[in-house]
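Student: sequence and predicted structure are below.
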Amino acid sequence: MIDNVVLLNSKVSHLSPVAPSTDWDRVLTDWLNTKRSPHTRRVYRRDIENFLADLGTELGKFLSLDRHGAYALVSRYKGDLIKKELKSATINRRLAAIKSLVSFSYNCGHSEFMLEAIKSEKMSAYRDTSGVDPEAFKRVLGGIDRTSLKGIRDYALLILLWSNALRRSEVSKANIGDFDQKERTLRIFGKGKGNQSEIISLGKATVMAIESWLEARGETNPDKALFVSVNPGYQDGRLSTQAIYNIVSDRCQDAGISKTMSPHRVRHSAITAALEATGGDVRRVQKLSRHSSLNTLLIYDDNRKNHQGEVTDILDSLV
């Protein structure tokens, strides 16, 4: 935690006058409302709250610092996160939240500094794209009791995640009206697309699973969520991204999969399986994964082929 004594000294020497009429909670809320994703709003709020708690200060006092004091404090905070050995992605996200809020406040006239000089942590180009193979995922699906409403729902949810390599947010946002059983399509709102939707094709097994779920559920209102809770007290409530995560994790554990599984691990698994099935046809698989850059898929393909391991075996045989 940042030394409060140092912080207090910074306040004395670097504070600008605080506008007494400023509603800082309102500033925070207005900034968060510029983020489309509920998940982003939730995470960014927590990041800012943790940041202020570690500083031992309030938002108004922080935003009233001059640029030198603000740079010193945020740099010190970044160093504290590094000492705690947090992942680079986590550090970068927390810094991004702070910088975004500061930029919003600056443009609204609530602060006199920006934080462009605060640099993010360098990220490795390598990604862990490991998951499970199709046979293992078959065990997951095969272990679901499809005579219960929960089982029918979970089966449809899991096969949709696998067959279309979807993100959990894309599934959570989907409504009944987005599903077209005749055309075998689903309208989704992808990552970073805002209000722009796209239509994806569904496999026959996925369509049948979703049809079975909607029939068992007995709901046809197109404005209702496609996947909802079946628990008493929460019935018909839209499944959150966390609820989808929990379903995937629990079902995979029930199937005896030791690897920690998540919806994104299922996505990794599906993309890797698609590359394997198509002989590494990254352009075709890009239509499935919807990655904006082929370079991302090349990482999946390189990990799948394990060229490093092949070369290591060659070197190993030379001595």
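Tutor: Nice, I can see it. Numbers count the residues shown, from 1 in each chain.
Student: grab the nearest non-local neighbour of residue 115.
Tutor: Nearest non-adjacent residue to residue 115, counting by Cβ to Cβ, 6 or more residues apart in numbering: residue 99, 4.7 Å away. Bear in mind the C-beta positions are built from the backbone N, C-alpha and C, glycine included.
Student: what residues of the host helix or strand of residue 163 count as buried?
Tutor: Element membership of residue 163, judged by DSSP states H and E, is helix 149-164. Residues 151-164 are the ones in helix 149-164 that count as buried (16 or more other Cβ atoms under 10 Å).
Student: re the thing from before, give the burial count for the residue nearest to residue 115, as a bare number.
Tutor: Residues lying near residue 99 (other Cβ atoms under 10 Å) number 16.
Student: what's the following helix or strand after the host helix or strand of residue 89?
Tutor: For residue 89, the element it lies in under DSSP H and E is helix 88-107. Downstream of helix 88-107, the first helix or strand assigned by DSSP H and E is helix 134-142.
Student: quick one: mean pLDDT for that following helix?
Tutor: Per-residue pLDDT over helix 134-142 has a mean of 96.
Student: just list what it packs against, helices and strands only.
Tutor: Counting contacts by 3 or more Cβ pairs under 8 Å, 6 or more residues apart in numbering; DSSP states H and E, helix 134-142 packs against helix 149-164, helix 241-254, helix 263-277.
Student: next up, the contacts around residue 301.
Tutor: Shown in contact with residue 301 (Cβ atoms under 8 Å, 6 or more residues apart in numbering): 275, 280, 282.
Student: where does it land in three-state SS?
Tutor: helix (DSSP: H, G, I helix; E, B strand; the rest coil).
Student: so how far is residue 275 from it?
Tutor: Residue 301 sits 5 Å away from residue 275, going by Cβ to Cβ, to the nearest Å.
Student: which residues do those two both contact?
Tutor: Common contacts of residue 301 and residue 275, defined by Cβ under 8 Å, 6+ apart, comprise residue 282.
Student: that older thread, of the contacts of residue 301, which is the most crowded?
Tutor: Greatest neighbour count in the contacts of residue 301, by other Cβ under 10 Å, goes to residue 275: 24 neighbours.
Student: and the helix or strand that the helix holding residue 163 is followed by, average pLDDT?
Tutor: Sequence-wise, the next helix or strand beyond helix 149-164 is helix 168-173, with elements assigned using DSSP H and E. If you average the pLDDT over helix 168-173, you get 94.
Student: does anything pack onto helix 168-173? Which helices or strands?
Tutor: By 3+ Cβ pairs under 8 Å, 6+ apart, helix 168-173 packs against helix 149-164, helix 241-254, helix 263-277.
Student: of all these, which one comes closest to residue 75?
Tutor: helix 263-277 (31.6 Å; Cβ to Cβ).
Student: just the CA trace of that closest one, in PDB.
Tutor: In PDB, the C-alpha atoms belonging to helix 263-277 read as follows (Å, rounded to 0.1, in the frame of the first residue of the first chain):
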ATOM      1  CA  PRO A 263     -16.300 -19.900 -21.400                       C
ATOM      2  CA  HIS A 264     -13.100 -18.400 -22.900                       C
ATOM      3  CA  ARG A 265     -11.300 -21.800 -22.500                       C
ATOM      4  CA  VAL A 266     -14.200 -23.400 -24.400                       C
ATOM      5  CA  ARG A 267     -13.700 -20.700 -27.100                       C
ATOM      6  CA  HIS A 268      -9.900 -21.500 -27.200                       C
ATOM      7  CA  SER A 269     -10.800 -25.200 -27.500                       C
ATOM      8  CA  ALA A 270     -13.300 -24.700 -30.300                       C
ATOM      9  CA  ILE A 271     -10.900 -22.500 -32.300                       C
ATOM     10  CA  THR A 272      -8.000 -24.900 -31.900                       C
ATOM     11  CA  ALA A 273     -10.300 -27.800 -32.900                       C
ATOM     12  CA  ALA A 274     -11.500 -25.900 -36.000                       C
ATOM     13  CA  LEU A 275      -7.900 -25.200 -37.100                       C
ATOM     14  CA  GLU A 276      -7.100 -28.900 -36.600                       C
ATOM     15  CA  ALA A 277     -10.200 -30.000 -38.600                       C
END
